[in-house]
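Engineer: model this:
(2 chains)
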Amino acid sequence: MKLSRQFLKGSTAPLENDSALLLDVHRRGVPGRERMRRFRDEDEVDLLIVGCGAGGAVLAQRLARAGWRIVVLERGPFWDPDTDWVSDEEGSHDLYWTDKRIIGGSDPVELGKNNSGHGVGGSMVHYAGYTPRFHPSDFETHTRDGVGSDWPLSYWDLKPHYERVERELPVAGQHWPWGDPHSYPHGPHPICGAAERAWTGARAHGIEMRVGPVAITNGVFGNRPHCIYRGFCLQGCKVNAKASPLVTHVPDAIAHGVEIRSGSMAQQIELDAANGQATGVSYVEVETGRGRFQRAAVVAVCGYSIESPRLLLHSTSKRFPRGLANANDQVGRYVMVQGATQVAGRFPELLRMYKAPPPELSSEDFYETDASRGFARGFSIQTVSPLPIGWAEHVLADGHRGAALREYMRDYNHWAVLGSLCELLPLPDNRVTLAAENDQFGMPVARFDYTQCDNDRANIAFAKKTMHAIWDTAGAQDVLTIDRYAHLVGGCRMGQDAESSVIDADHRVWGTPNLLICDGSVMPTQGSANPALTIMALASRLGERLSTKRIQAGKGDHERSIARVRAGRLSEEDR
Amino acid sequence: MTIDFTRPDRLPKVRGDNGADAAELPRQRRGITPQMHGRYPDYDCLANAEHWDQLTRKLVVDRVERVPELRFFSNVEAATLSAFCDVALAQDAEPRVPVLAFVDQKLFAGRLDGYQYADMPDDRDTWRHVARGLDQTARASGAPSYADAARTLQASIVDDFAEGSLDGAAWSELDLKHAWSVVMRSVLAAFYSHPWAWNEIGFGGPAYPRGYARLGIGLSETWEGHEAVATDPASDPETHGPG
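Structural biologist: Down below sits the predicted model:
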C-alpha cells in the first residue's frame, strides 16, 4: 500500500469526494446547480448551516455523504468564475464582504479584501492559497509557553483530517520539515524571479525556505486544470486551479442532495422556549428583502470570526438576553489576527513578481518559542507578490506620495516581497460586539476592537528585523516596509468548560447542544500558519464524528437531539 | 541620454529626496502612460487586449474609453479633489488618468471597502469633509481655493495632511491619519487599475486565459514590456543592432 501510494504520487484521488470529477472540463461554474435539491421552509432539515466557506462547505459535504438532509444559507452569491469574476485587481471588489463594519481599538484591523469573504466558497475564494498545517505545539501553548490557551483537542486528533483535506484540495509543495514533518500529494510549483531572490537571500542568511504548501493543482486532478501562473490568486481563480470550497467540496455536496441557498442573510437563530433547543434560523432574502424562517433539527453557524459572533449576539431571547451562547460573556472574545508586516527588497534584475502564484516559499524556522528572542511563540516568513494596487499600498505605507510614490511604482518589476505571519496572542478584549448602527436589513453591524499586547509588539519587531536581515544578506539595493495584519480566527473559541469558552471539543455550544459552531472562530490559538486548512480539517473531523455517531455518552440533551435527527431521517426513509 | 535601471540611483530613499526627475525618463513611443513617460517606452498592455477574456477586456478597456461622469461630488468638491488627486499622484501634465471619476463612481454606487474606523464618519462623508478641509486650509493661507492655489501650496497642504498636521473646523471631524488612509486607498486603486499606469510600470495586465510560462529572474514573454536599456543603441550596435 505504502509503495503503491508512492508510485501514484501526483495522481491520487481523494477519498469520498468526487468534486474534481463533477466539474466541467470547459466551464468553471459548478454543474448541477439547476438540478439542486430544494427544501421547503417548513421541512425540518437535519442540519441548517449558516455560511458556505471553509467550515460550512466541508461540513455539508461530509454529512451529505452520510445521508443528512442539509440546507446552507449564504449571504453572498453562488459564484460562476466564468461569468462573475474578472482577471483584475480593482474589478474583484464583489468578492469581499463589504457590508459596513466598525473597527476600533488602539490597533484597528482593516477588514474587507484583507480577510473577509462573501459568496459560496467564502474567503478561500480570494485567499492566497497557502495551506500549512498547524504545529503540534499550537494546541497547547498554555502548557508549553504559558501564553494563550490549550485546545480541548490535539494535533493528533486533527492529523488524519489534515491528510484527507490535503488530498482533496490538493496541496502542492516540497517535503515539509517543520512541526510534524510530512509530504504533500502534489510536487512543488515553479517559482518566479522574485521568489528566487528571496530564496537565495534566506539561504545565505542561514534560513531554510521551502516551496509551498499551496492548494493549487500541479498535475492531473480530475477536471481541475493546471495552474497558468497568471498571478491573480487573490482575485478569485478563474482557472479553477486554486482550491476553494466552491470547487473542492460544493460540487460533491450538491450531488449528495445539499441545497445551497445563496443570497440569504441569516439574522437570528430561533429557540424553543420550552427546552432551549435551536429550532431554525430567521433570514432575509437579499434580493427581495423578504423575511423567511427555515426549520432545522440542528443548526451549525459557520460565518467566521466577525459574522458568527454577530449572529449569536443578535440572537437574544428571554433565556439568553445577552445573546445566544453568551451566558458567560464569551462570545466575540479572543479574536486574533496575525501580524503580517511585509518587507520588500530591490534588485538590479527584472523580477516581475506579478507572475506565478503570489504564495510560493515559506519558512517555519521561527515558528516555535525561543526564549532568547524575548517573547513567547513565533512567526513564519512567506513570499507575497502584490499586484500594482497592493504594491501602491505598500509604497504609501512606507511614507511616500506624489513623485516619490510614482518612482517606486515605476520600479515595481525590480522588487521582491517577504511577508511575516506573527502569532499574536488571544486576548479577551480583542472582541466583536454589536455597534449602534444597523445594516440595510435592520440588523446591528459588527464592531471589532483590536489592541496588541507587549508580546505581540516584540514578535512583530523581531520578524521585521529578520526580514530586513534577509534582504541585507541578499544585497537588496533599497527596502520598503508595510505594517499590516492578515487572517482572522477566534471569537467563539472551543474549550474545556462553559466559563472560558463558547463550545466544547465537538463544536457544540455549551447549554444549547443542537447548535454547532464550525469555522475559524472556534480556534483558541492561531499559530503562525494560514488558517484555511485547519478550518477545513476541523470541519472534516466534526463531520466524521457526527456521521459515525462518535459524539455520544453522557452529553444528555445533545445526544438525544442527534439521535432524534438520525431517527427522524431513518424513519422517513423507511416510509 | 540613457539611464541604468539596474542601479537604484533614481529611488527616493537612496537619494534622500523625492526621486529623480520624471522628465528624464524615456518618452512613451507606443500606447499611453500618464504624462507620457515611463520605464517601458515600447510597451502597450492594451495591445494584448484581444488575448483577454471578454469580461475582463470590457472592464479594462472601459476605463479608458468610457470615463464615468461625476454623480457623487458637487462641482466645487470635484475641482478641489481633482487638484488633490493630481498632487497626491504627481500628475502634473496631460495625459492624466481621470482618478476622481472612478472614485466618484464607486462612492455613488456605495461600493465601500467593508470597514469604517470607529472615530470616523462613513467614507462618503469623509471625502466631503476632506474637500471642505482642503479649501479651508488653502484659504487660510491666502489662496482663493485649493484648486486655484499655487502648486507649492497645494503640495505643502497634502504633505501636512499625510503627516497629520492640519487644523481647522472641517478637519476636526476626522482622525487625519485614518482620513489619509481612506482617501489614498481609493486614489491608488483608481490610478493603478488604469492600463496607462500599467504601461508606465511594466505590469503584464490580466493575462487570462493565456497566463505565463517564463517565470525566472530576467525572463519574460515576448509580449511583456521591456525596460528601456541602459546602453545607447547608437553607440553599441554589437548588442542592440543599429536601430
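
Engineer: next, A:V502: phi, psi?
Structural biologist: Backbone torsions of A:V502, given as degrees, to the nearest 10, read phi -100, psi -30.

Engineer: what's near enough to touch it?
Structural biologist: If you count contacts by C-beta atoms under 8 Å, 6 or more residues apart in numbering or on different chains, A:V502 has them with A:312, A:325-326, A:330-331, A:492-495, A:509-510, A:517, A:522. (Glycine included, C-beta is placed from N, CA and C.)

Engineer: could you find the closest non-adjacent residue to residue 126?
Structural biologist: Since no chain was named, I'll use chain A. Sequence neighbours aside, A:L95 is the residue nearest to A:H126 in space, at 4.8 Å (criterion: C-beta to C-beta, 6 or more residues apart in numbering or on different chains).

Engineer: other chain: chain B
Structural biologist: In space, B:T126 is closest to B:V182, 5.1 Å off (C-beta to C-beta, 6+ apart).

Engineer: show me how chain B divides into domains.
Structural biologist: B:12-66+B:196-240, B:75-191 (automatic domain parsing).

Engineer: next one: the shortest one to chain centre, how far?
Structural biologist: A distance of 15 Å separates the centroid of the chain from that of domain B:12-66+B:196-240, by C-alpha atoms, centre = their mean, to the nearest Å.

Engineer: ok, now stretch B:182-195?
Structural biologist: Its chain's C-alpha centre and that of stretch B:182-195 lie 7 Å apart, by C-alpha atoms, centre = their mean.

Engineer: circling back: and the pLDDT at the residue nearest to A:H126?
Structural biologist: Listed pLDDT for A:L95 reads 96.

Engineer: was I right about it contacting A:Q235?
Structural biologist: Yes: with contact defined as C-beta atoms under 8 Å, A:L95 counts as touching A:Q235 (7.2 Å).

Engineer: list residues touching both of those two?
Structural biologist: Shared contacts of A:L95 and A:Q235 (C-beta under 8 Å, 6+ apart): A:85, A:126.

Engineer: which residues of chain B fall in strands?
Structural biologist: Along chain B, counting by DSSP state E, strands occupy B:116-117.

Engineer: can you pull out the low-pLDDT segments for it?
Structural biologist: B:1, B:230-243 (pLDDT under 70).

Engineer: for it, what spans make up the helices?
Structural biologist: B:12-15, B:54-65, B:75-88, B:99-108, B:123-140, B:151-163, B:176-191, B:195-201, B:237-240 (DSSP state H).

Engineer: show me what counts as buried in the longest one.
Structural biologist: Of the residues in helix B:123-140, those scored as buried under the neighbour-count criterion (16 or more other C-beta atoms under 10 Å in any protein chain shown) are B:123, B:126-138.

Engineer: just want the angle from it to helix B:75-88.
Structural biologist: Computed by axes from the mean of the first three to the mean of the last three C-alpha atoms, to 10 degrees, the angle separating helix B:123-140 from helix B:75-88 equals 80 degrees.

Engineer: circling back to that earlier point, isn't the residue nearest to B:T126 right next to B:D119, touching?
Structural biologist: No: applying C-beta under 8 Å, one finds B:V182 not in contact with B:D119, separated by 11.7 Å.

Engineer: who's more crowded, those two?
Structural biologist: Taking neighbours as other C-beta atoms under 10 Å in any protein chain shown, B:V182 and B:D119 compare with B:V182 leading, 23 against 14.

Engineer: need the contact list for that one.
Structural biologist: Going by C-beta under 8 Å, 6+ apart, B:V182 touches B:117, B:120, B:123, B:126-127.

Engineer: partners of the strand ranked longest in chain A, with directions?
Structural biologist: The single longest strand within chain A, with elements called by DSSP E, is strand A:291-301. Here strand A:291-301 is paired, per DSSP bridges, with strand A:45-50 (parallel), strand A:278-285 (antiparallel), strand A:512-517 (parallel).

Engineer: distance of the closest residue to B:G225 other than its chain neighbours relative to A:K355?
Structural biologist: Excluding the flanking residues, the one nearest B:G225 by C-beta to C-beta, 6+ apart is B:Y43, at 3.0 Å. B:Y43 is 15 Å from A:K355, where distance means C-beta to C-beta, to the nearest Å.

Engineer: next one: A:Y96
Structural biologist: Separation of A:Y96 from A:K355 (C-beta to C-beta): 24 Å.

Engineer: one more: A:R431?
Structural biologist: 41 Å.

Engineer: what's near enough to touch the spatially most central residue of chain B?
Structural biologist: Per C-alpha atoms, centre = their mean, the C-alpha nearest to the average position across chain B is that of B:F191, at 3.8 Å. Listed by C-beta under 8 Å, 6+ apart, the contact set of B:F191 reads A:392, B:34, B:89, B:97, B:99, B:197.

Engineer: any idea which of the helices of chain B is most buried?
Structural biologist: helix B:195-201 (a mean of 26; mean count of other C-beta atoms under 10 Å in any protein chain shown).

Engineer: any chance you could list what contacts that helix?
Structural biologist: Helix B:195-201 has contacts (C-beta under 8 Å, 6+ apart) with A:388, A:409-413, B:28, B:31-34, B:37-40, B:43-46, B:60, B:63-64, B:95, B:97, B:191-192, B:203-205, B:225.

Engineer: quick one on the thing from earlier: neighbour-wise, which of A:R431 and A:K355 wins?
Structural biologist: A:K355 (27 against 22).

Engineer: hang on, isn't the more buried one packed against B:F203?
Structural biologist: No: using C-beta under 8 Å as the test, A:K355 is too far from B:F203 to be in contact (10.3 Å).

Engineer: shaky segments in the stretch 351-500 of chain A?
Structural biologist: In the prediction, the stretch 351-500 of chain A carries no residues with pLDDT under 70.

Engineer: residues from it in reach of chain B?
Structural biologist: Residues of the stretch 351-500 of chain A lying near chain B by C-beta under 8 Å from any C-beta of the partner chain: A:351-352, A:354-356, A:387-389, A:391-393, A:396, A:399-414, A:447, A:449, A:477-478, A:480.

Engineer: hmm, back to that, out of the contacts of A:V502, which are inside strands?
Structural biologist: Taking DSSP E as the definition of strands, those contribute A:509, A:517.

Engineer: just the closest of the contacts of A:V502 to A:A278, please.
Structural biologist: Nearest to A:A278 among these, counting by C-beta to C-beta, is A:V509 at 8.5 Å.

Engineer: what sits against the closest one?
Structural biologist: Contacts of A:V509 (C-beta under 8 Å, 6+ apart): A:324-325, A:502-503, A:515-517.

Engineer: can you put those residues in CSV and add pLDDT and distance to B:Q54?
Structural biologist: Output for the contacts of A:V509, formatted as CSV (pLDDT from 0 to 100; distance: C-beta to C-beta, whole Å):
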residue, pLDDT, distance to B:Q54
A:L324, 96, 46
A:A325, 95, 47
A:V502, 98, 47
A:I503, 97, 46
A:L515, 96, 45
A:L516, 97, 43
A:I517, 98, 42
